[in-house]
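Colleague: generate a structure from the sequence data that follows.
(2 chains)
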Amino acid sequence: MPEHILVAVAWPYANGPRHIGHVAGFGVPSDIFARYHRLKGNYVLMVSGTDEHGTPITIAAEKEGVTPRQVADRYSQVIGDDLYNLGLSYDTFTRTTTLNHYHVTQDIFKTLYEKGYITRQETLGAFSATTGRTLPDRYIEGTCPLCGYHEARGDQCDNCGHQLDPIDLVNPRSKIDGQPPVFRETEHFFLDLPAFADRLSKWIAKQDHWRPNVRSFSLNFIKELKPRAITRDLEWGVPIPLPEYEQRDDKRIYVWFDAVIGYLSASIEWANNRGTPDAWRDWWQNRQARHFYFMGKDNIVFHTVIWPAQLMGVFSDGHYAGSAIGAFAEIPLQLPHNVVSSEFLTMEGKKFSSSRGVVIYVNDFLSRYDPDPLRYFLTIAGPENQDTDFTWAEFVRRNNDELVATWGNLVNRTLTNVYKNFGVVPTPGELTPADSALIATIDAGFTTCGELLEGARFKAALTETMRLAALVNSYLSDQEPWKVLKQDRERGATIWYVALRCVASLRILFTPFLPFSCQRLHTYLGYDGYLAGPLKFTEHNEANGMSHRVLTGDYTTWIGRWAIPDLPVGQQLREPQPLFKKLDERVVAEELARMEA
RNA sequence: GUCGGGGUAGCUCAGCGGUAGAGCAAACGGCUCAUAAUCGUUAGGUCGCGGGUUCAAAUCCCGCCUCCGACACCA
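Modeller: All right, here's what the predicted structure looks like:
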């Protein structure tokens, strides 16, 4: 029985282009997982989009003298292009500025408010003296009242480590314009997280398949749950859906509250866009469906605590206030099955920092290198369990000594030999025990690598697949078909057939990791159609006259199957080309120089 | 400050209670079909330091050193 698998991917923030550390954390792992499950024949729904609200975007807009919407438009475009070029196979990659997302967010807010899970409270807020807008604690600096450090931030002093309140700072000033902030009372809405504490801790305690750090970090976080502010004094965001705020333009829903709702709203949008408005329920209101969330470690509690609380609250007593979900409101929404968080990637030993030039943007990278080598590196050497370092030297080495030398070369030597000597899949004679053993070992990869992928152990899965490729090189070295062929054509044909047959299996085993090159291999082997089809953009108009672009693909056309493949004898091969390019050692120096500049 | 995660072969990392592992780098040898690619063999570590638990500890516990994160309005 095929399963319903929701692949929910963290929403990249649209205040600039994304760097390779971002896609290492959420992008590549989630795509490997989704592609694997599609090849398995499961019903996969992979959703995300650009996160476009919040203070950083308004600040970026102010600096450039444009509107927040223009900033979001520009970077949503750039980020969408990046993900497309990396081959991330979203069913729907949309935006948080769609009418649909506003509706769903407001429905959920209203429902939680009516059920009493959202409360109001007056708090003391800091405002910019020049613009009158909220100044987040991060954007205020001053002298630390405890240690006298001059550049303490409003939330914390980096020198002595104490937590601070902006009002405690001596000589506070805005980091944006240097003016002292104004403090005044303001009303905010709070999500009553303590109301969910019991349910949350019981639920999390049961999730023993989560990575230990995710689980213990979340349980720990729950011990001190406080109501959390979910509105901000800002004019850029989802409006508060209450009558008294309809005419006001100074308070909006906090970006984090609406960003996680995106998983649901994007699923609803997906269903609407394909003309089956209820189809999202097969994932969200189906107790058998399993939901997997992918993100960086800084996002854990939003996915293990806050978003689950929102989901619990909406359906807590069998009724629902909004119209977006409509009928079937008595069926609860599925909670996360697993929350797969990655650690961070560093760049040449340093933290990524656009302002200090320690950065390599995805679009910049892909303008000079192919997507598969990047996907390879980010999987085999990525921050799956701990922080890892990207260096150009290591990238070149991994590309040349591993990807090209082991897998690329195996494909190339096999295909060129077979193409040159036979032109078609050769007819094998009787298989020796060594022949059969090799095929059996490679084919066992569908089980071993499959289990590793199932458990989100991507690095181990790719390492294992590479090991299998190396076994075929070893076999060829052992059998020396280029010699044998001169004396015994039938035996030579058999050896090449065995190698080709193993390559045909490896073509599938590598597809989740290296979709572009595997598709090319697929055609060289004489197969037609898409192993795992191409992505595309579609344009969607909404009732308010706005239109937005969605990254999607027609994944039902995939003919690839996670199973031992059929390789028909006599199948006509196509002229092969090398799958990967060897990189010149000089690119290391070139790229480092580029970073300096 | 509180909480959490690291410190394992020259390098990058895996292992996380039962005689120290992989890839690369190094040395030697084989092959020469293939993007001078590949295959084999060898060498290389008192698993940060000090204690403890255990028949047995990189693996569990305590302390210390060291690096790095998170710590609610940074998405």
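Colleague: residue A:60: how many residues sit nearby?
Modeller: Neighbour count for residue A:60, taken as other C-beta atoms under 10 Å: 19. In this view, the C-beta of every residue, glycine as well, is placed from N, C-alpha and C.
Colleague: tell me if I am right that residue A:131 is in a helix.
Modeller: No - Residue A:131: not assigned to a helix; according to DSSP: H, G, I helix; E, B strand; the rest coil it is coil.
Colleague: relative to residue A:253, how far out is it?
Modeller: The spacing between residue A:131 and residue A:253, counted by C-beta to C-beta, to the nearest Å, is 20 Å.
Colleague: same deal with residue A:589?
Modeller: Taking C-beta to C-beta, one finds residue A:589 at 49 Å from residue A:253.
Colleague: strands along the stretch 451-597 of chain A, start to end?
Modeller: A:535-541, A:547-553 (DSSP state E, counting those that start in this stretch).
Colleague: and those: which comes nearest residue A:105?
Modeller: strand A:547-553 (15.6 Å; C-beta to C-beta).
Colleague: quick one: list the elements packing against that closest one.
Modeller: Judged by 3 or more C-beta pairs under 8 Å, 6 or more residues apart in numbering; DSSP states H and E, the packing partners of strand A:547-553 are helix A:68-85, strand A:92-95, helix A:255-273, strand A:535-541.
Colleague: okay, those, which one's buried deepest?
Modeller: strand A:92-95 (a mean of 26; mean count of other C-beta atoms under 10 Å).
Colleague: put the alpha carbons of that one into PDB.
Modeller: Taking C-alpha atoms only, strand A:92-95 is exported to PDB below (Å, rounded to 0.1, in the frame of the first residue of the first chain):
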ATOM      1  CA  THR A  92       4.300  23.500  -4.600                       C
ATOM      2  CA  PHE A  93       6.900  26.100  -3.700                       C
ATOM      3  CA  THR A  94       4.800  29.300  -3.300                       C
ATOM      4  CA  ARG A  95       5.000  32.500  -1.200                       C
END
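Colleague: so residue A:339, which of the three states?
Modeller: Assignment for residue A:339 (three-state DSSP): strand.
Colleague: beta partners for it?
Modeller: Taking DSSP bridges as the rule, residue A:339 bridges to residue A:293.
Colleague: that one contacts residue A:293, doesn't it?
Modeller: Yes - with contacts counted by C-beta atoms under 8 Å, residue A:339 reaches residue A:293, the gap being 4.8 Å.
Colleague: when residue A:131 and residue A:253 are compared, which one has more neighbours?
Modeller: residue A:253 (24 against 14).
Colleague: quick one: contacts for the nearest residue to that one once chain neighbours are set aside?
Modeller: Leaving aside its chain neighbours, residue A:253 sits nearest to residue A:238 (4.3 Å; criterion: C-beta to C-beta, 6 or more residues apart in numbering). By C-beta atoms under 8 Å, 6 or more residues apart in numbering, the contact set of residue A:238 is A:53, A:96, A:101-102, A:105-106, A:109, A:252-253, A:258.
Colleague: give me the subset of those residues lying in helices.
Modeller: Mapping the contacts of residue A:238 onto helices (DSSP state H) picks out A:101-102, A:105-106, A:109, A:258.
Colleague: what's the pLDDT at residue A:148?
Modeller: On pLDDT, residue A:148 comes in at 66.
Colleague: what of residue A:576?
Modeller: Per-residue pLDDT puts residue A:576 at 96.
Colleague: now for the residue lying closest to it once chain neighbours are set aside, how many residues are close by?
Modeller: Nearest residue to residue A:576, sequence neighbours excluded (C-beta to C-beta, 6+ apart): residue A:415, at 3.8 Å. Using other C-beta under 10 Å, residue A:415 has 24 other residues around it.
Colleague: quick one: classify residue A:415 as helix, strand or coil.
Modeller: With three-state DSSP as the criterion, residue A:415 reads helix.
Colleague: ok, now which ones touch it?
Modeller: A:500, A:503, A:524-525, A:573, A:576.
Colleague: next one: it from RNA strand B, what distance?
Modeller: For residue A:415, the distance to RNA strand B equals 9 Å [C-beta to the nearest atom of the strand, to the nearest Å].
Colleague: for the stretch 201-350 of chain A, give me the ranges with low pLDDT.
Modeller: For the stretch 201-350 of chain A, the stretches flagged by pLDDT under 70 are A:316-330.
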